[in-house]
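**Student:** A structural model of the following input is requested.
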Amino acid sequence: MKHVLLTLALMLASCSGSPTGPTGSQEQFSWTVGGQSFAATSNGRGALRNSSAVSFTGVDCGRSAGVSLYISPAPMSVGTYTVADGRAYANWTPDGSSGAVAGVHAWDSIGGTGSITISSISDNWVSGTFNFDLVPFSNNPDRTRRTLQGSFDMGFREKIC
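**Tutor:** Residues are numbered from 1 along each chain as shown. Predicted coordinates:
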């Protein structure tokens, strides 16, 4: 439940610029669910790191779809972190702009499978990919599992807003 509340708070409050990465690349966070492609807008994405976790949040503000990813404990090096080893978690909703709808019409990785691969990480920037088989929330009337996959290349924030 704390993942859901953090997800909703981050989706509703994401507001940041579009920094440039160490290689000159622009920040990006994109994903595909059920054959539909989404891309987080510059004010709808963020990466946070503290001593206990790394979280990534993206909202396609034009369509309100949102995704959140977590790795705990926080990785300090490249590697793959999985649901099976208890370190990775993902959550997706087609409507991240409405807390009421997002709490019901959502899918997560609890009971599913998947991983987050960190390909590059520094004090200020992180890049990687993710792939999950998501399970609908227990109160979601749509009982279809969803495949979530995508990539991110983002700067870490001290905070979102």
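**Student:** for residue 67, which residues make a bridge with it?
**Tutor:** residue 58, residue 92 (DSSP bridges).
**Student:** for it, what are its contacts?
**Tutor:** Shown in contact with residue 67 (C-beta atoms under 8 Å, 6 or more residues apart in numbering): 31, 33, 38, 57-58, 90-92, 148, 150. Yep, even glycine has a C-beta here, placed from its N, CA and C like the rest.
**Student:** Out of these, which is nearest to residue 157?
**Tutor:** Among those, residue 57 lies closest to residue 157 (C-beta to C-beta), at 10.0 Å.
**Student:** Chain neighbours aside, what residue packs nearest to residue 144?
**Tutor:** In this structure, residue 144 finds its nearest non-sequential neighbour in residue 136, 6.9 Å apart by C-beta to C-beta, 6 or more residues apart in numbering.
**Student:** Quick one, which of the contacts of residue 67 are buried?
**Tutor:** For the contacts of residue 67, a burial check counting by 16 or more other C-beta atoms under 10 Å picks out 31, 33, 38, 57-58, 90-92, 148, 150.
**Student:** So which of those residues is the closest to residue 45?
**Tutor:** residue 58 (4.6 Å).
**Student:** Show the model's pLDDT score for the residue nearest to residue 144.
**Tutor:** According to the prediction, residue 136 has pLDDT 87.
**Student:** Show me the beta-bridge partners of it.
**Tutor:** Bridge pairing for residue 136 - DSSP bridges - gives residue 107.
**Student:** In this structure it contacts residue 111, no?
**Tutor:** No - using C-beta atoms under 8 Å, residue 136 makes no contact with residue 111, being 9.5 Å away.
**Student:** where does this protein dip in pLDDT?
**Tutor:** 1-25, 96-104, 158-161 (pLDDT under 70).
**Student:** Show me the helices in the protein, by range?
**Tutor:** 2-13, 99-102 (DSSP state H).
**Student:** the more surrounded of residue 136 and residue 111?
**Tutor:** When neighbours are counted by other C-beta atoms under 10 Å, residue 136 and residue 111 differ, and residue 136 comes out ahead with 19 against 12.
**Student:** Okay, the more buried one and residue 118: tell me how far apart.
**Tutor:** According to C-beta to C-beta, to the nearest Å, residue 136 stands 27 Å off from residue 118.
**Student:** Also residue 108?
**Tutor:** Applying C-beta to C-beta, the value for residue 108 to residue 118 is 20 Å.
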